[in-house]
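Undergrad: need the 3D shape of this:
(chains A and B, ligands or ions: 2)
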Amino acid sequence: MARLATPPASWTTRYPELGTGLVSYEDSISPEFYELEREAIFRRAWLNVGRVEQLPRKGSYFTKELAVARTSLLLTRDLDGQVRAFHNVCRHRGNKLVWDHTPRSETSGVCRQFMCKYHGWRYGLDGQLKFVLQEEEFFDFDKADFPLVSVHCEVWEGFIFVNLADEPSQSLREFLGPMVLGLEGYPFHLCGERFAFKAQILSNWKIFLDAFQEYYHASVLHSQQQVPSLRSFETGYKVPHFQIDGPHRLISTGGWKGTPRHLLPPEQMYPIEPATQAGLMGPWERPDIPELDPANLPAGLNPGNLQPWSISNFQIFPNFVILVYERGWYLTYQYWPTSAGTHDWEMSYYFPPARTASERIRHEVTAVVSKEAALQDAATLDGTQQGLESRVIDKYPLSDQEITVRHLHKAVGDWVQAYLRDGKGTRA
Amino acid sequence: MLPEEFADLEPFAARWCIATEAGRYAERLNSTMAELEAFYGAAHPRVGAAMAYLDGFELSDLPEPQLNLLHLVYSLIMVSLPVEVWHQPRVIDSGTAYFDRYLEPVP
Ligand code: FES
Ligand SMILES: [Fe+2]
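TA: Numbering: from 1, shown residues only, chains lettered A, B, ... in the order given. Ligands and ions are numbered 1, 2, ... in the order given. Next up, the predicted model:
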């Protein structure tokens, strides 16, 4: 039964456009390049801003600060149940329409209308201007001419995406492409128990993406994931499956040396794992939900057909990541640039809601152990950013299993080039 | 604070029955290894019993002593890695990294 797909001699050479040469990270330190990325990528690509569970009923809303696009968005579920996105800017004199503690912190809630704190203009959940104080004092004025400025918004598998282009050049599904669409049918909607984290990171957004999209670092940076008797800095980890589709990437793994963590002998685990029956990879026992049974999962979840399979890591361009775990849960990362050398990072864990205290305790184990590994990943970032910014070195080598790093920087460069070639000045 | 079946853990209850992960993480960083080891030494052998006991109650409607016990188990999880893996309160090689868990299931 245990079978690893035979890896080809080289993943990288399967995609000749990637080349095998040294790579520059100028794209991660140059303020000029960052300005290009803002237009070429963050105003043109579909961006995930959340999930439908954040808009549970008619009148639900949340705001999303997008410094990279110099805007704040207002996401609503209108009275017809439709998810909509608007720029969070009042049509009267430009005040931020919806905010709570401070204008720059995000907020959420439920309401029937949005009232501007400045002069009291009110808007419906569909963006229509409904009330203007002393309307008769305005000149040649028709409220119908002043709705909130809408933003293209589409929902896929419960994930809410926006596109800031005037006219997106692709629909969301065209943009996602066949590899990512292979996730369709996964029961995301049944995984509503959410743990969410935020951090301000002192690196370019791509440098953190890179840290979570290769596993070459795993046996070294995360050496302590193995009990001391199994640690070695001499033997590395090799990913058994990579795939690239357009600007998106997929990495699938099948456990450490082919053995899922929960099947290791007890002396190869830390005591908290057998004591609670949970660990880094999730609760040991998958909940008995038919939609999570491997036989019912979409084939596109494990397209390399790994047996055993443990994680598929979907890297959705530009800044959104979904990791689906075989043990019946998933997590997401989002990377929101705030400057060439900084970004705001978000991580969420999603589990099927715990039905008992022990299920909830197992979720807590996974949420704690997984976060601690991620802290190690995050810790390298300001040091890497400093090293790159020193410009002591201008080109760096990448191994075959770092193909994902090579591909991200290539895709970013390609989008910027395409923008410079076709789109400059026209804001696609 | 705890159900009487877990009276042996009462000496740790005032300090470690903490409702949020942010609070538990702060308490961990605020502790010596000797303090973490003392709590772990007492609570780890009881985690299986605590899980089985708590499963006899409705998770969404836990009475206060049972809710305190659940929070104490969360704290045990929080101190397990320092004791079992890192041998220090902070994650090894975590530099200045800090993640704020701003949303979590209740309880
Ligand atoms: S700016 Fe909003 S009502 Fe005046
Ligand atoms: Fe890592």
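
Undergrad: tell me which element the closest residue to ligand 1 within chain B falls in.
TA: Relative to ligand 1, the nearest point of chain B is B:Tyr102 (28.5 Å; Cβ to the nearest ligand atom). (Each C-beta comes from the backbone N, C-alpha and C, glycine too.) Here B:Tyr102 sits within strand B:100-103, counting by DSSP states H and E.

Undergrad: residues of that strand that come out buried?
TA: B:Arg101 (16 or more other Cβ atoms under 10 Å in any protein chain shown).

Undergrad: residues from chain A in reach of ligand 1?
TA: Where chain A comes near ligand 1, counting by Cβ under 6 Å from any ligand atom, the residues are A:90, A:92-93, A:95, A:116, A:118-121.

Undergrad: change it to 5 Å
TA: Residues of chain A lying close to ligand 1 by Cβ under 5 Å from any ligand atom are A:90, A:92-93, A:95, A:116, A:118-119, A:121.

Undergrad: circling back to that earlier point, how about the strand holding B:Tyr102, does it reach chain A?
TA: Yes: using Cβ under 8 Å from any Cβ of the partner chain, we find that strand B:100-103 touches chain A at B:100-103.

Undergrad: where are the low-confidence patches of the stretch 201-350 of chain A?
TA: Counting by pLDDT under 70, the stretch 201-350 of chain A has low-confidence residues at A:255-258.

Undergrad: re the thing from before, make CSV out of the residues of strand B:100-103 next to chain A and add pLDDT.
TA: Shown next, in CSV, are those (pLDDT from 0 to 100):
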residue, pLDDT
B:Asp100, 97
B:Arg101, 98
B:Tyr102, 97
B:Leu103, 97
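
Undergrad: just checking, the residue of chain B closest to ligand 1 touches A:Arg194?
TA: No: when contacts are counted by Cβ atoms under 8 Å, B:Tyr102 is not listed as touching A:Arg194 (10.8 Å).

Undergrad: what helix or strand is the residue nearest to the spatial centre of chain B on?
TA: The centre of chain B sits closest to B:Ser75, judged by Cα atoms, centre = their mean, with a distance of 1.0 Å. Using DSSP H and E, B:Ser75 maps to helix B:64-81.

Undergrad: in that helix, which residues are buried?
TA: So, applying 16+ other Cβ under 10 Å, buried residues of helix B:64-81: B:65-81.

Undergrad: what does stretch A:30-45 give?
TA: A:30, A:33-34, A:36-45.

Undergrad: again with stretch A:52-72
TA: Under 16+ other Cβ under 10 Å, the buried positions of stretch A:52-72 are A:52, A:54-55, A:59-69, A:71-72.

Undergrad: which of those sit farthest apart?
TA: A:Gly59 and A:Val68 (28.6 Å; Cβ to Cβ).

Undergrad: what lies in contact with stretch A:203-212?
TA: With contact meaning Cβ atoms under 8 Å, 6 or more residues apart in numbering or on different chains, stretch A:203-212 is reached by A:25, A:27-29, A:34, A:201, A:217, A:313, A:315, A:319, A:321, A:333, A:335-337, A:340-343, A:345, A:374, A:377-378, A:380-382, A:384-385, A:388, A:404-405, A:408-409, A:412.

Undergrad: ok now that stretch, how far from the chain's centre?
TA: Distance, stretch centre to chain centre, for stretch A:203-212: 12 Å (Cα atoms, centre = their mean, to the nearest Å).

Undergrad: again with stretch A:302-322
TA: Relative to the centre of its chain, stretch A:302-322 is centred 13 Å away, using Cα atoms, centre = their mean.

Undergrad: what does the stretch 101-250 of chain A have sitting close to chain B?
TA: In this structure, the stretch 101-250 of chain A approaches chain B at residues A:193-199, A:202, A:221, A:224, judged by Cβ under 8 Å from any Cβ.

Undergrad: narrow those residues to those in helices?
TA: A:Leu221 (DSSP state H).

Undergrad: is it possible to get TSV of the residues of the stretch 101-250 of chain A next to chain B that adds neighbour count?
TA: Converted to TSV, these look like this (neighbours: other Cβ atoms under 10 Å in any protein chain shown):
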residue	neighbour count
A:Glu193	18
A:Arg194	18
A:Phe195	23
A:Ala196	17
A:Phe197	22
A:Lys198	17
A:Ala199	19
A:Leu202	19
A:Leu221	17
A:Gln224	20
